[in-house]
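A.B. asks: A structural model of the following input is requested.
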Amino acid sequence: MLPSELAAVPWPALLVDANGAVLAVSPAAAALLGKAPGDVAALEARFEPLSPSGRPVSTGDHPVRRITRGEIFEAGGAWRDRESGRELSLRFRGRPAGACGLLEIDLLAEETERRVTERLALLNTALLGRSADEGFISVRELLLELVRLACEISQARYGALGVLAADGESLRDFVYAGVPEDVARAIGGLPVGKGLLGAVVREGRAICIPDIASDPRFAGFPAQHPPMTSFLGVPLRVGQSVFGNFYLADKQSGGAFTENDARILERFSAQASLTVAYARQVQQEERRLFDAVVRHAPHGIVYFPAHPEGQVLGNPAAERLLGRFTRGNDPDRTYDLRYPGGALVGEEALPSTRALREEAVINLEVVIERHHGRAIPALLSAAPVRSESGAKLGAVVVFQDITAFKQLQQLREDFMALVAHDLRTPLQTVLLQLDAILRRAAGEAASVPVSSLKLIQRSSQRVDRLIRDLLDASQVDARGIHVELAPVALPELASSIVAQIAGSLGTHTVVIDLAGAPPPVLADPLRLEQVLTNLLENSAKYSEEGTPIRIVIAPSVGGATISVEDRGPGISPEELPRLFDRYFQTQRARARRRGLGLGLFIAKGLVEVQGGNITAESTPGVGSTFKVWLPAAPPVGSGSGAG
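C.D. replies: Take a look at the predicted model:
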């Protein structure tokens, strides 16, 4: 056979001489191999021969080597393309052709289909055998493998799987093979589903076109798209609905796709539908899990589709923060975003708009201004959302309510101001008195008025009290308060405390009433004295001069109670639940700038560490009652441990 005669051979064939030079190739061989090789070494470098069992063939048994030796043979097997990783199921026939050897190659469609079916079965087995701890499944990787198998079974250079959106017409994803990543990114987003791609969607059947450009339905390729000639499209059905469509282009042999190719791909599509059904079931379970996580997330999460008509979606936390989910320019929106200074966040500066421009927004501080509602301080973060194939789908924005943080920040600032004020006042008094004493000093001796010393003493005691309160509060927080429990008779303790602090109660009289015969309680006398002193001084501090304070001691279930009642202005119902919180002060106390708001917090901690509890009742304009319950001391002789 002459090299010129090989041009008329319709199947893949190569003419090789004894030195390994490839003298000629048929057009079908050039299409199969991608180019006309110059010698046997080039073929060996690119293609790895495999036996029918899938094992690599030794170099000496490579069909192109056997033909250089003039052998007559026929052998089945495959070539693995080292460049693309694709396997071609082939049958080789070798025979002498004058002084050369002729190697003829047949594509084994049946063998390829069998191998693809086996790989699909293995894929299904692996999918069904997944354990729960293997993480989320990548549905796109599964679809990509299906595209690769579709290319292999039909010998296509290019393949894609267009996944249909819920409307059954547009595409929500596009998985491709054979197109380099950089080229795919340059092409841009999802196809719009027109032209031949749209025809497969609309007609719901296989479409086989020998020349794409000559078909009247062809709408042209986008910029950067590689040129393509032949086309084969086949629907992929899951159940009764079309999940997507296989789109294949450019048969490797250089010819057009045949009706037989279409039938083979339809059979493969029917088998692949099982894989897709399994994958969708797993994906739905994962989506339900993910939806549950998003639904119960403490922060608001809102998804803004890239398409301006797409529905904005959000979780319950976002609904509580924002009301309706709307875009920035929606006239029916229920909120505005403002910067902390009060300026409105413009539409182009909205985190959702910025994320759709491929910007990442991290912890942008804003105020969510609800229409006909309150203003909510928040931190916003946003990022673009893309499909696994890289197409832009939309943007997600996370709204974090920082009201509690702002309140804590304000509380810290108020606390620092109170500490500075309450410490500065007595210290200034001490310093002024010391300056006066030093000015009167003569030599090393000076006469110091007793009144000045008492003023210094009271101011120092006030500083000492503030410091002790801070230390006690830290011990309450750390649960580090140590108590020495012992039987305590409440009437005697109350009388002793009243006698000790009567001078600090001003014009208030204190009455002690006994209701029944209260038993001794198990308590730490010093710590209980600290609690009752605090309650009595609070009553005196916030009651009008001359109004009485009443102490009521009564038996109670399991112990006894001691109550301190005053006729002060009372506490509002809104403030009452927070009365024992650390640093909390009523509006009246804040207006008079008295104390750090630690007294009742410490009292609660001291009572609870002794096994008791403290409660408060109040009626605005009438007065307040603080009631301390403590457990009864065990009978004498039964033992009473110390805690």
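
A.B. asks: For the stretch 501-643 of the chain, just list every one of the helices.
C.D. replies: 525-542, 587-592, 599-609 (DSSP state H, counting those that start in this stretch).

A.B. asks: Could you dump those into CSV and include mean neighbour count, mean pLDDT and distance to Phe218?
C.D. replies: (Glycine included, C-beta is placed from N, CA and C.) Shown next, in CSV, are these (neighbours: other CB atoms under 10 Å; pLDDT from 0 to 100; distance: least, CB to CB, whole Å):
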stretch, mean neighbour count, mean pLDDT, distance to Phe218
helix 525-542, 20, 90, 87
helix 587-592, 13, 57, 77
helix 599-609, 22, 87, 78
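
A.B. asks: among these, which is nearest Val312?
C.D. replies: Closest to Val312 of the helices of the stretch 501-643 of the chain is helix 587-592 (CB to CB; 41.0 Å).

A.B. asks: before we move on, the earlier item: right, and the helices of the stretch 501-643 of the chain - which one's nearest Pro37?
C.D. replies: helix 599-609 (87.2 Å).

A.B. asks: hang on, the earlier thing: which stretch among the helices of the stretch 501-643 of the chain approaches Val510 most closely?
C.D. replies: helix 525-542 (7.0 Å).

A.B. asks: can I see the domain layout of the protein?
C.D. replies: Following automatic domain parsing, one gets these domains for the chain: 3-107, 113-285, 300-399, 406-474, 486-631.

A.B. asks: Which of these comes out lowest on mean pLDDT?
C.D. replies: Across these, domain 406-474 has the smallest mean pLDDT, namely a mean of 66.

A.B. asks: Distance to Ala270 added to the helices of the stretch 501-643 of the chain, as JSON lines?
C.D. replies: Output for these, formatted as JSON lines (distance: least, CB to CB, whole Å):
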{"stretch": "helix 525-542", "distance to Ala270": "81"}
{"stretch": "helix 587-592", "distance to Ala270": "75"}
{"stretch": "helix 599-609", "distance to Ala270": "71"}
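
A.B. asks: thinking again about what came up before, got CSV for the domains of the chain, with distance to Ala292 too?
C.D. replies: Formatted as CSV, those follow (distance: least, CB to CB, whole Å):
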stretch, distance to Ala292
domain 3-107, 39
domain 113-285, 11
domain 300-399, 10
domain 406-474, 30
domain 486-631, 32
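
A.B. asks: tell me how far stretch 161-179 is from the chain's mean position?
C.D. replies: Put simply, stretch 161-179 sits 27 Å off its chain's centre (CA atoms, centre = their mean, to the nearest Å).

A.B. asks: outside of that stretch, which residues touch it?
C.D. replies: Applying CB atoms under 8 Å, 6 or more residues apart in numbering, the contact partners of stretch 161-179 are 140, 143-144, 146-148, 150-151, 156-160, 184, 187, 190-193, 197-198, 201-202, 226, 236, 241-247, 387-389, 391.

A.B. asks: And the domains of the chain: which comes nearest Val293?
C.D. replies: Shortest distance between Val293 and these, using CB to CB, is found for domain 300-399: 9.5 Å.

A.B. asks: end to end, how far does that closest one reach?
C.D. replies: One end of domain 300-399 sits 5 Å from the other (CA to CA, to the nearest Å).
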